[in-house]
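[1] next comes the sequence, and after it the predicted model I'd like to discuss.
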Protein chains: 2
Amino acid sequence: MTEFKLHPQLAQDCLLIKDLKLSRLLLMNNSDFPWCILVPRRVALTELHDLTEADQVQFLHESSSVCRAMQNVFASENHNDQTDKSAGQCGKMNIASLGNIVPQLHVHHVLRYPHDAAWPKPVWGFAPATPYAEEHGQLLCEKLASVI
Amino acid sequence: MTEFKLHPQLAQDCLLIKDLKLSRLLLMNNSDFPWCILVPRRVALTELHDLTEADQVQFLHESSSVCRAMQNVFASENHNDQTDKSAGQCGKMNIASLGNIVPQLHVHHVLRYPHDAAWPKPVWGFAPATPYAEEHGQLLCEKLASVI
C-alpha cells in the first residue's frame, strides 16, 4: 500500500500542528484568518464520500474537536478585539472541502468574524496570505495541539 | 418545541427537491452551477458540530447520497459537454458550510468542472444567479428526488 504523503502545496502553505487518529492537522500560514486544515491520511482520495463510513465518523469527531479548539484558542488571540454580536463572540466557522486546485482531500476550517478582512465573502482567493511571525505561528500550533 | 422553518433567503433562492430523514434538500435556482443545499430540519442551529452525534452521522449519509445523485443526474445534463480530465468526467464536489450571510445551518454541495464560469475559484459571490427556465428546474428536482 502506498504511504500517505502531504500534497506539496499544502506542505508549503501550512504549519504542522499534529497528527490526529485519522487526519493531519495543519495551520494555514496566514495571519489574516484563524484557519486550520484537516487532511485525512488516506491515499488517493479526493472527496469526503470516498472515505469509509468509519473514517467519515472519525473525521466528524476530529472536525468538531478542531472547531472547539479554534474557538477556544483564537478567542484569546487578537481576533476578539471587537464584540461581534452577529457571529457570536466565538465567531462563525466556515468549513469547506473544495479541492479545485489541490486535489488531495483536505477540509478547511476557518473562524470568521464580521470585522475580518473578507467578511462576509469566503476567504479563498481573497488576497495573498500574510505569514505569521515565526514564533507566533509555532506558539499557535502548540496551543492548538494542547487542546485537541 | 419550535417548528423548523426554512430561512426566507433560502426559500427565495432555491427550489424544493424533497425532505430527507434529517434534512430539507434544495436546488439552488442558478443554472450556472449544479448546486444543491442540505438544511438539517433542526431549530436554531448554526454549526455542523451543533448537531447531535446521531444527526451528524445521518447528515453524512445524506451528504454522500446527494453527491452521488448529483454526479449521476448532472452527468446527463449539459454540464458534461466537454471532457474534463483534471476533475474527472463526473466533476469535483465543493462542499461547504459557511453561514456568514444566512445563519441557519445549511451545507452547499456544488459540482464543479474546469469549464465552469468560476473555476477554480469558489462559486459564492461569483455573479448573480441565472435562474433555471421553470420547466427545467422542476425536471431537475424530479430527477434528483428520484435517485436519492
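    Good, I have the coordinates. Numbers count the residues shown, from 1 in each chain, chains lettered A, B, ... in the order given.

[2] low-scoring stretches of chain A, by residue?
    Low-confidence segments of chain A (pLDDT under 70): A:1, A:78-89.

[3] beta partners of the residue nearest to the spatial centre of it?
    Computing the C-alpha centroid of chain A and ranking residues by CA atoms, centre = their mean puts A:Cys36 first, at 1.5 Å. When bridges are called by DSSP bridges, A:Cys36 pairs up with A:Leu27, A:His109.

[4] longest helix of chain A?
    For chain A, the helix with the greatest residue count under DSSP state H is helix A:53-75.

[5] buried residues, that helix. List them.
    For helix A:53-75, the buried set under the neighbour-count rule, 16 or more other CB atoms under 10 Å in any protein chain shown, comprises A:55-60, A:62-71, A:73-74. Glycine gets a C-beta too; all of them are placed from N, C-alpha and C.

[6] what's the answer for stretch A:19-36, then?
    So for stretch A:19-36, counting by 16+ other CB under 10 Å, buried means A:20, A:22-36.

[7] which of the three states applies to A:Ile17?
    With DSSP: H, G, I helix; E, B strand; the rest coil as the basis, A:Ile17 sits in strand.

[8] return the distance of it relative to chain B.
    Distance of A:Ile17 to chain B, computed by CB to the nearest CB, to the nearest Å: 18 Å.

[9] need the contact list for that residue.
    With contact taken as CB atoms under 8 Å, 6 or more residues apart in numbering or on different chains, A:Ile17 is in contact with A:25-27, A:36, A:141, A:144-145, A:148.

[10] which bits of chain A sit near chain B?
    On the criterion CB under 8 Å from any CB of the partner chain, chain B has as its neighbours in chain A the residues A:46-49, A:53, A:56-57, A:60, A:63-64, A:67-68, A:87-88, A:92-101, A:103, A:112, A:119-122, A:124-125.

[11] where do the helices of chain A begin and end?
    Assignment of helices within chain A using DSSP H yields the ranges A:8-13, A:53-75, A:134-146.

[12] and the contacts of the second one?
    The contact list for helix A:53-75 (CB under 8 Å, 6+ apart) reads A:20-23, A:25, A:34, A:36, A:38, A:40, A:42, A:48-49, A:51, A:80, A:89-91, A:93, A:95, A:107, A:109, A:111, A:140, A:143-144, A:147-148, B:47-49, B:53, B:56-57, B:60, B:64.

[13] in strands, which of these appear?
    Secondary structure assignment by DSSP state E places A:23, A:25, A:36, A:38, A:40, A:93, A:95, A:107, A:109, A:111 of those in strands.

[14] of those residues, which is the most crowded?
    Using other CB atoms under 10 Å in any protein chain shown as the neighbour test, the ones in strands among the contacts of helix A:53-75 are led by A:Cys36, with 27 neighbours.

[15] could you measure from that one over to chain B?
    Between A:Cys36 and chain B the computed distance is 14 Å (CB to the nearest CB).

[16] list the residues that contact that residue.
    Taking CB under 8 Å, 6+ apart as the criterion, A:Cys36 is in contact with A:17, A:25-28, A:66, A:70, A:108-110, A:144.

[17] how much space separates the closest residue to A:Gln9 other than its chain neighbours from B:Glu62?
    The spatially closest residue to A:Gln9, leaving aside those adjacent along the chain, is A:Val102, at 4.9 Å (CB to CB, 6 or more residues apart in numbering or on different chains). Taken as CB to CB, to the nearest Å, the spacing of A:Val102 relative to B:Glu62 amounts to 26 Å.
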